[in-house]
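J.: pasting the sequence and the predicted model now:
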Amino acid sequence: QVQLAESGGGSVHPGDSLRLTCTASGFPGGLTLNYYGAGWFRQVPGKEREGIACMSEGDDQPYYPASVKGRFTISRDSAKNTMYLQMNNLKPEDTAIYYCTVGNLYRHCEGDFRNWGQGTQVTVSS
């Protein structure tokens, strides 16, 4: 069973940066992270989970919605089965619980994602 664990969240001020890390394990058949679509989502209470950074197994151009494009960057190190979300110029509206996921990515951040981490809180306030 695939297991994902996020880390790196915290409380920061507007304009600060954070890097979230997602460590993956349990891929079947000895496969590694690069064989899967991967993504970062976030959720605030009362709202749906939002895909904010997603990349296909082929590492095509990642997708970012307008709300984070130019500020957030998704990357992965398949040798370590780890993916990252670099977040720069953070804004109060980025406050949310951030989750990583792997699965079949269809387009943008739409896909069949059945494996999720437990989430890490990011709070941006002055």
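T.: Looks like it arrived, so ask away.

J.: least confident secondary structure element in this structure?
T.: Scoring the helices and strands of the chain by mean pLDDT, DSSP states H and E places strand 110-116 at the bottom, with a mean of 93.

J.: ok, then the element right after that strand?
T.: Using DSSP states H and E, the next helix or strand after strand 110-116 towards the C-terminus is strand 120-124.

J.: other residues contacting that following strand?
T.: 6-14, 16, 18, 20, 42, 87, 90-98 (C-beta atoms under 8 Å, 6 or more residues apart in numbering). In this view, the C-beta of every residue, glycine as well, is placed from N, C-alpha and C.

J.: would you mark the buried spots in that strand?
T.: In terms of neighbour count (16 or more other C-beta atoms under 10 Å), strand 120-124 has its buried residues at T120, V122, V124.

J.: and it, which strands flank it?
T.: strand 10-12 (parallel), strand 96-107 (antiparallel) (DSSP bridges).

J.: please name the bridge partners of the residue nearest the centre of the chain.
T.: When C-alpha atoms, centre = their mean is applied to the chain, the residue found nearest the centroid is W40 (2.0 Å). Note on W40: beta-bridge partners by DSSP bridges are A53, C100.

J.: skip the chain neighbours and tell me the closest residue to Y64.
T.: Distances taken as C-beta to C-beta, 6 or more residues apart in numbering put A53 closest to Y64, at 5.6 Å, once the chain neighbours are dropped.

J.: hang on, the earlier thing: which of the strands paired with strand 120-124 is buried the deepest?
T.: Highest mean neighbour count of the strands paired with strand 120-124: strand 96-107, a mean of 20 (counted as mean count of other C-beta atoms under 10 Å).
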